[in-house]
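Colleague: with the input below, show me the fold.
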Amino acid sequence: MITAIGQSTQPITSNTLEKSIRDFPEHAESGTCPDSASTDQTPLAFDSRAARPCAAKIPNPEFSLPDWRQSLRDAVTDPRELLALVGLSQLADRLPDNDAGFPLKVPRGFVARMRQGDPHDPLLLQVLPQLTELNDAQGFVDDAVGDLAALAGHGVLHKYAGRALLIAAGSCAANCRYCFRRHFPYAEELAASHAWREAVACLAADTSIREVILSGGDPLVLSTQKLTELTEALRTTPHIDRLRIHSRLPVVLPERIDDAFLAWLSGLPLQRVVVIHANHPDELDASVGAACTRLREAGATLLNQSVLLRGVNDDDAALAELSERLFAFGVLPYYLHQLDRVRGTAHFEVPDVRARELVGMLRARLPGYLVPRLVREVPGERAKRPL
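Modeller: Okay, here's the model as predicted:
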């Protein structure tokens with residue numbers, strides 16, 4: 001069993017977070033990926049050879065903890081504003097109408113980590129609507145992972161033995177363009193509705209379930225009070241002994257990991273696993289490192305899952321630096337997912353041959369525990385399929 005790295009018994013306070021950010025060591029020097037071509041190419045082209053840094057320095061800012069709800073309300077939702085913020089207003093005429101049917105949303109703190117004037121920035125490409133999303137591609141469908149067929153109750157998915165997944169929320173702090181649930185009918189299937197009653201009843205009726213996975217959307221867009229409502233209800237289901245939270249908020253909105261949330265997490269009578277989601281080392285600045293420290297201090301085991309994305313992280317230098325930086329933050333690389341073939345995402349796909357080649361390169365340069373497992377989710381299968 002994987003256990004948390006670097007557990008600490010220090011008090012979990014806002015002052016701890018501020019000090020962690022001020023004192024967090026710089027992890028790596030900046031540079032560009034080997035064999036990268038010039039960025040003087042067609043803007044917004046998904047070219048994995050485009051130059052991009054693989055090891056940007058981690059900043060060490062003076063920090064005050066903002067209210068995460070206000071940060072969420074202040075998220076950028078206009079693609080033209082996003083382009084202006086990163087110095088690329090000249091590309092506004094290349095944006096699709098109506099955000100290609102999937103609204104832009106990205107916190108300003110995440111935008112601040114993007115490189116100015118670079119249309120190939122790996123963080124920008126993950127969130128900016130693209131005309132290529134409108135192209136039809138064979139084999140790309142609305143429900144690529146078979147979620148609807150796996151519904152066992154209201155907002156409850158049961159795909160794998162001993163585990164059930166709750167669709168806890170229908171929104172995220174950042175709308176990732178490769179999202180495998182970008183077409184999911186959240187309005188009809190939210191486990192959190194009706195005070196979680198239908199979802200908890202479904203879990204209580206199946207004593208084979210030992211682990212509850214909170215997903216979405218992103219479960220951490222819910223208030224801590226709403227999360228408490230769930231875990232109080234789960235006290236009546238003694239066969240459940242582990243809570244796993246899948247969330248991108250510790251990366252894109254690290255201020256969500258506040259004192260109230262940590263008090264709730266640390267007080268749970270359950271084993272706690274938090275699976276964060278980072279795809280590129282540039283996402284991991286000092287504020288993310290401090291949030292991870294606080295999660296570990298609250299007793300959570302931290303894992304990371306990434307998606308292999310063309311033009312974003314499809315080179316071994318970027319993936320290796322991601323693993324190194326995650327481990328410096330006390331997070332173990334867990335999965336490297338091949339893209340779920342969701343309609344509107346074909347431009348991100350990396351061929352399986354290249355994916356296997358990249359993992360082979362990682363094995364040659366990293367210790368085994370820093371090499372994520374390359375997998376694909378196949379509808380109807382009882383586990384992720386190793387590649």
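Colleague: contact partners of stretch 77-85?
Modeller: Outside stretch 77-85, the residues that touch it by C-beta atoms under 8 Å, 6 or more residues apart in numbering are 76, 89, 91-92, 95, 99, 103-106, 108, 111, 124, 127-129. C-beta coordinates here come from the backbone N, C-alpha and C atoms, glycine included.
Colleague: for Thr207, give me its contacts.
Modeller: Applying C-beta under 8 Å, 6+ apart, we find Thr207 in contact with His239.
Colleague: need the pLDDT of it.
Modeller: We have a pLDDT of 97 for Thr207.
Colleague: also Glu26?
Modeller: pLDDT at Glu26 comes out at 33.
Colleague: then Leu95?
Modeller: So Leu95 comes in at 98 (pLDDT).
Colleague: find the nearest non-adjacent residue to it, please.
Modeller: Pro79 (4.9 Å; C-beta to C-beta, 6 or more residues apart in numbering).
Colleague: next: Trp196.
Modeller: In space, Trp196 is closest to Leu230, 4.9 Å off (C-beta to C-beta, 6+ apart).
Colleague: wait, isn't that neighbour in contact with Ser193?
Modeller: No: in this structure, Leu230 is not within contact of Ser193 by C-beta atoms under 8 Å, at 11.8 Å.
Colleague: which of the two has more neighbours?
Modeller: A count of neighbours by other C-beta atoms under 10 Å puts Leu230 above the other of Leu230 and Ser193, at 21 against 16.
Colleague: how far does whatever helix or strand the more buried one lives in sit from its chain's centre?
Modeller: In this assignment (DSSP states H and E), Leu230 forms part of helix 224-234. Centroid separation for helix 224-234 versus its chain: 22 Å, with C-alpha atoms, centre = their mean, to the nearest Å.
Colleague: distance of the spatially most central residue of the chain from Arg181?
Modeller: Compute the mean C-alpha point of the chain, and by C-alpha atoms, centre = their mean the closest residue is His277, 2.6 Å away. Distance from His277 to Arg181, counting by C-beta to C-beta, to the nearest Å: 13 Å.
Colleague: who touches stretch 375-387?
Modeller: 144-146, 149, 159-161, 180, 335-338, 340, 352, 355-356, 373-374.
Colleague: how long is that stretch end to end?
Modeller: 5 Å (C-alpha to C-alpha, to the nearest Å).
Colleague: check which helices and strands the helix holding Leu230 is in contact with.
Modeller: helix 197-205, strand 211-215, helix 259-266 (3 or more C-beta pairs under 8 Å, 6 or more residues apart in numbering; DSSP states H and E).
Colleague: pull out the buried positions in that helix.
Modeller: Thr224, Leu227, Thr228, Leu230, Thr231, Ala233, Leu234 (16 or more other C-beta atoms under 10 Å).
Colleague: try stretch 160-175
Modeller: Under the neighbour-count criterion of 16+ other C-beta under 10 Å, stretch 160-175 has Arg163, Ala164, Leu165, Leu166, Ile167, Ala168, Ala169, Gly170, Cys172, Ala173, Ala174, Asn175 buried.
Colleague: beta partners for the first one?
Modeller: In this case it means Arg163. In this entry, Arg163 is beta-bridged to Glu211, by DSSP bridges.
Colleague: can you give me the distance of it to Leu148?
Modeller: 18 Å.
Colleague: just the third one next, same as before
Modeller: Note on Leu165: its distance to Leu148, by C-beta to C-beta, is 13 Å.
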